[in-house]
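**Student:** Just the structure for this:
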Amino acid sequence: LVVTCTSKHSRNWRAGSMLAGGLALDDVLQRMGMVVEGVRTTSAARELAARFDVVMPITEQLYQVLFANKPPRSAVEDLMGRGRTHEMEEGAGSWGLHQ
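**Tutor:** This next block holds a predicted model:
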């Protein structure tokens, strides 16, 4: 996970860098010429979150950048401007991890 987020050799990192530079997803994927796992994963994770009623703000913002042409800066601003929540407590409780 660390390498895919930080290494210039990672397809996910390179795709994200191109998106941040203003290229559209279709152009990025065409230039990459290979599968960028994070694109499909983002769509699948968003679908699962909706199906199981799980709030996943990072996944939602990634989806908006990838598939709804939201500017990356706006996505970051929306994430950073969110109110504080107790996400771990809510998730742990729904999985029966609280005693």
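**Student:** Going by length in residues, pull out the top helix of this structure.
**Tutor:** Assignment by DSSP state H gives helix 37-51 as the longest helix of the chain.
**Student:** got the buried residues for it?
**Tutor:** Using 16 or more other C-beta atoms under 10 Å as the test for burial, helix 37-51 gives 38-39, 42, 45-46, 49. The C-beta positions use only the backbone N, C-alpha and C, and glycine is treated the same way.
**Student:** Below-threshold pLDDT in the chain: ranges please.
**Tutor:** 87-99 (pLDDT under 70).
**Student:** possible to save the buried residues of helix 37-51 as CSV with distance to L29?
**Tutor:** Output for these, formatted as CSV (distance: C-beta to C-beta, whole Å):
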residue, distance to L29
G38, 11
V39, 7
T42, 13
A45, 18
R46, 18
A49, 23
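**Student:** would you list every one of the helices in this structure?
**Tutor:** With helices called from DSSP H, the chain shows them at 2-6, 11-20, 25-32, 37-51, 57-67, 72-80, 87-94.
**Student:** helices or strands up against the fifth one?
**Tutor:** Read it as helix 57-67. Packing partners of helix 57-67 (3 or more C-beta pairs under 8 Å, 6 or more residues apart in numbering; DSSP states H and E): helix 37-51, helix 72-80.
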